[in-house]
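S.K.: Here is a sequence with its predicted model. Questions after.
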Amino acid sequence: MNCKDNYRDILQQTITKKYKKRLFVDKLVTLFTIICVISAIIPLGSILLEVIKNGASAISFEFLTQSQGSIGSGSGGIGPAIQGTIIVVGLASLIATPIGVLTGIYLSEFAKGGTFPNVVRFFNDVLTGLPSIVIGIVGYVVIVLSIGSFSVLAGSISLSIIMMPIVVRVTEETLKIVPNSLREAGYSLGISKAKITLFIVLPSAKNGILTGIVIGISRIAGETAPLIMTILGTSLFFTGITGPVDALPLRIWRLASQPYESAHAFGWGSALILILMILALSVGLRILVQRRPSFK
Amino acid sequence: MSALFIVRNKRHDKMFSYLVVGAAAYTLLMVGLVTFSVTKGSLDIFSLEGVRFITQSDWNAVEGRESFGAFPYIIGTLLSSAIAMAIGVPISLAIAVFISEIAPPRIGIALSFITELLAAVPSIIYGLWALFVFRFWVRDLIEKPLYDAFHGSLPFFAKTPFGLDIFTAGIVLAIMIIPIISSICREVMRVVPDSQREAAYSLGATRWETVRVAVFPYVKSGLVGASMLGLGRAVGETILVTMVIGNVIGPSAIPTSFFSQGQTLSSLIANEFNEASSDLHLSALIALGTILLILTMGINIAARLLVRKKVKIPSGAKTQ
């Protein structure tokens, strides 16, 4: 055995040793990531389990349709909250959707560079990141103070400010994926840009835009903070657009802070209804999107 | 006839382009409205207290002796978010690494679906669960052992744990921001071209070494940006924090340990807004919102700049 071979043996030994250590570290990291994944799934499992377990027993026909009985009695239901959520969120999405889609169209189809589109994009991002409670302050200062009452209108407008930037973002990104050949086909037929956008580009991006709208609606349906300062919450059904209403997230919060078991049970029931409503929205979307393919 | 058609087309175009520009301007209008509202709302208190509003810790709404200071709530907000980040960021990164680098595609897709599901759960439901279920886990499994082990030697763990405190708020915030941060990190890591990974593998690197030397450095600023977007959410989150942080006011809201009951800017607004006794009190609450707005806007703008820079593929390595 000469010197060279000796050297090679030592080298090989050290490499194997180190390699083993490196493999061990690799295994360790893999294990750590798996533990992290599991630790993130546990809360989801527990949330779903608790909401279904505690919520299902609270739900009855009376629970869904009646207004709340006297505090602590455990009678009545959350009818006004369900109705209020549908009205406030519906109105908010009626405001946010057209404006959001049009802004998205502007950014993707009409903006020709320059500062204005970038400023719009930038402030749109800023709006997305605003805490919802600050947007509640806007609703309060601008609308509640000027009409003198907590109202559906204030709530809807606040929620629409939260939803709009989401729709803008998704619309712009979806329209940018629409192949240019579709637009060019339109131009070659002498169709105006407005019509190309509305009747060719928009329909072919419909699925993406619908998804964006649904994401926006599910986001605002669960918002609580801005509603505290805009719609206030009441135990009555809808009285008019300038009157206060109730909403599910707000009701859950109020119920959770009451010291009665029956109120807590109502809170879980409301949480289950809220989750089911959001789930129904996304399932509805899936069905809608699957039925009508984008590019015919 | 055809000339008429062209003229009408042009008119349509013009009308439509005004419409879309108008819609775009609406975004700016809303930003203006936000600025206007918080400025108008908080004018009273800032003209009365000035800078002292930020530095003092009294919170007294009794008429004639009104005195408001936001200091404890700024600290509460920063501390609870810091706990959330310390717990949330490593876990989110690990999840993103697992989904994009380690898991087989089918499991990866299933897991990204689950994280998206988690991100869609409204914060009020996290709050309800935290209040009635999770806080007992925190109290019995984490806080009590820490308290028993350290309360003599370490002041951070020095208060009898109830489960309704800054620490719990931090953990629940972490649970809320993990799906957000991990899904952005996953998106960002997808930008890394496979050639980078292949280069590392061909040099004999293990999977973890590949992630460390080829993936992380390539998207570092994107990962920082993703974490900061999560931070922005944690700082601004209201209802969830309100339900578990314990809600104390005044000088005692300055946390002395992780297990102190606390208060954040947003939770104090949520707690007192409907019971505000005077215009000055209301103005003080809105001013808390103003501080929150400035804080989150700073964090978010920095984060967007970082994420955007990364998604615009850097020079030197091109994707195919």
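M.R.: Structure's in. What do you need?

S.K.: give me every residue that touches the residue of the stretch 201-320 of chain B found nearest chain A.
M.R.: With CB to the nearest CB as the measure, residue B:236 is the residue of the stretch 201-320 of chain B nearest to chain A, at 2.7 Å. Any C-beta I mention is one placed from the backbone N, CA and C, and that applies to glycine too. Going by CB atoms under 8 Å, 6 or more residues apart in numbering or on different chains, residue B:236 touches A:129-134, B:266, B:292, B:296.

S.K.: From those, pick the one nearest residue A:89.
M.R.: residue A:132 (13.6 Å; CB to CB).

S.K.: Is there any residue in the helix or strand harbouring residue A:216 that contacts chain B?
M.R.: Taking DSSP states H and E as the criterion, the element that holds residue A:216 is helix A:206-221. Yes. Applying CB under 8 Å from any CB of the partner chain, one finds helix A:206-221 in contact with chain B at A:218, A:221.

S.K.: Beyond that helix, next helix or strand please.
M.R.: From helix A:206-221 onward toward the C-terminus, using DSSP H and E, the following helix or strand is helix A:225-228.

S.K.: Does at least one residue of that following helix sit close to chain B?
M.R.: Yes. Where contact is defined by CB under 8 Å from any CB, part of helix A:225-228 touches chain B, namely A:225, A:228.

S.K.: for that helix, packing partners?
M.R.: Packing contacts for helix A:225-228, counted by 3 or more CB pairs under 8 Å, 6 or more residues apart in numbering or on different chains; DSSP states H and E, involve helix A:132-138, helix A:152-177, helix A:248-256, helix B:265-272.

S.K.: Would you indicate which residues of the one helix or strand residue A:182 maps to are buried?
M.R.: Element membership for residue A:182 (DSSP H and E) is helix A:180-188. Neighbour counts over helix A:180-188 (16 or more other CB atoms under 10 Å in any protein chain shown) mark A:183, A:186 as buried.

S.K.: any idea how far the next helix or strand after that helix is from the chain center?
M.R.: Moving toward the C-terminus from helix A:180-188, the first helix or strand encountered (DSSP H and E) is helix A:193-195. The chain centroid and the centroid of helix A:193-195 are separated by 31 Å under CA atoms, centre = their mean, to the nearest Å.

S.K.: in terms of contact, does residue A:208 touch residue A:176 like I think?
M.R.: No. Under the criterion of CB atoms under 8 Å, residue A:208 is not in contact with residue A:176, lying 10.1 Å apart.

S.K.: hmm, who's touching stretch A:21-28?
M.R.: Outside of stretch A:21-28, the residues that reach it under the criterion CB under 8 Å, 6+ apart are B:206-209.

S.K.: likewise stretch B:76-93?
M.R.: So stretch B:76-93 is contacted by A:36, A:39-40, B:166-167, B:169-171, B:173-178, B:181-182, B:185, B:223, B:226-227, B:230-231, B:234-235, B:241, B:245, B:253, B:255, B:258, B:262-267, B:292, B:295 (CB under 8 Å, 6+ apart).

S.K.: Of those, grab the buried ones for ChimeraX.
M.R.: Command for ChimeraX, covering only those of these found buried under the criterion 16+ other CB under 10 Å:
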select /A:36,40 /B:166,167,169,170,171,173,174,175,176,177,178,181,182,185,223,226,227,230,231,234,235,241,245,253,255,258,262,263,264,265,266,267,292,295
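
S.K.: Just the contacts of stretch B:76-93: which are in helices?
M.R.: Taking DSSP state H, the ones among those that sit in helices are A:36, A:39-40, B:166-167, B:169-171, B:173-178, B:181-182, B:185, B:223, B:226-227, B:230-231, B:234-235, B:241, B:265-267, B:292, B:295.

S.K.: Could you confirm whether stretch B:52-71 reaches chain A?
M.R.: No. Applying CB under 8 Å from any CB, one finds that stretch B:52-71 is not in contact with chain A, the shortest distance being 14.4 Å.

S.K.: mind saving the C-alpha coords of that stretch as PDB?
M.R.: Once non-C-alpha atoms are left out, stretch B:52-71 reads as follows in PDB (Å, rounded to 0.1, in the frame of the first residue of the first chain):
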ATOM      1  CA  ARG B  52     -48.200  63.300  24.200                       C
ATOM      2  CA  PHE B  53     -51.000  61.200  22.700                       C
ATOM      3  CA  ILE B  54     -48.300  58.800  21.500                       C
ATOM      4  CA  THR B  55     -46.000  58.800  24.600                       C
ATOM      5  CA  GLN B  56     -48.400  58.800  27.600                       C
ATOM      6  CA  SER B  57     -50.400  56.000  29.000                       C
ATOM      7  CA  ASP B  58     -53.400  57.400  30.800                       C
ATOM      8  CA  TRP B  59     -56.800  56.500  29.300                       C
ATOM      9  CA  ASN B  60     -59.400  58.400  31.200                       C
ATOM     10  CA  ALA B  61     -62.800  59.200  29.600                       C
ATOM     11  CA  VAL B  62     -64.400  60.800  32.600                       C
ATOM     12  CA  GLU B  63     -65.700  64.200  31.700                       C
ATOM     13  CA  GLY B  64     -63.600  67.100  32.900                       C
ATOM     14  CA  ARG B  65     -60.600  64.800  33.500                       C
ATOM     15  CA  GLU B  66     -60.100  63.500  30.000                       C
ATOM     16  CA  SER B  67     -56.700  62.300  29.200                       C
ATOM     17  CA  PHE B  68     -55.800  59.900  26.500                       C
ATOM     18  CA  GLY B  69     -52.500  58.200  25.600                       C
ATOM     19  CA  ALA B  70     -51.800  55.500  23.100                       C
ATOM     20  CA  PHE B  71     -48.500  54.300  24.300                       C
END
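
S.K.: so how far is residue B:243 from the residue in the stretch 1-150 of chain A that chain B sits nearest to?
M.R.: Nearest residue of the stretch 1-150 of chain A to chain B, counting by CB to the nearest CB: residue A:131, 2.7 Å away. Distance, residue A:131 to residue B:243, using CB to CB, to the nearest Å: 16 Å.

S.K.: and what of residue A:184?
M.R.: Spatial separation of residue A:184 from residue B:243 under the definition CB to CB is 55 Å.

S.K.: Do you know the pLDDT at residue A:66?
M.R.: For residue A:66, the pLDDT comes out at 87.

S.K.: you'd agree it is up against residue A:81?
M.R.: No. With contact defined as CB under 8 Å, residue A:66 does not count as touching residue A:81 (11.1 Å).

S.K.: So for these two, which sits in the more crowded spot?
M.R.: When residue A:66 is set against residue A:81 and neighbours are counted by other CB atoms under 10 Å in any protein chain shown, the residue ahead is residue A:81, at 29 against 15.

S.K.: Which SSE is immediately downstream of the strand or helix carrying that one?
M.R.: Here residue A:81 is covered by helix A:79-105, with elements defined by DSSP H and E. The helix or strand immediately downstream of helix A:79-105 is helix A:115-129, counting by DSSP H and E.

S.K.: Does that following helix pack against any helices or strands, and if so which?
M.R.: The helices and strands touching helix A:115-129, judged by 3+ CB pairs under 8 Å, 6+ apart, are helix A:152-177, helix B:2-49, helix B:220-236, helix B:279-311.
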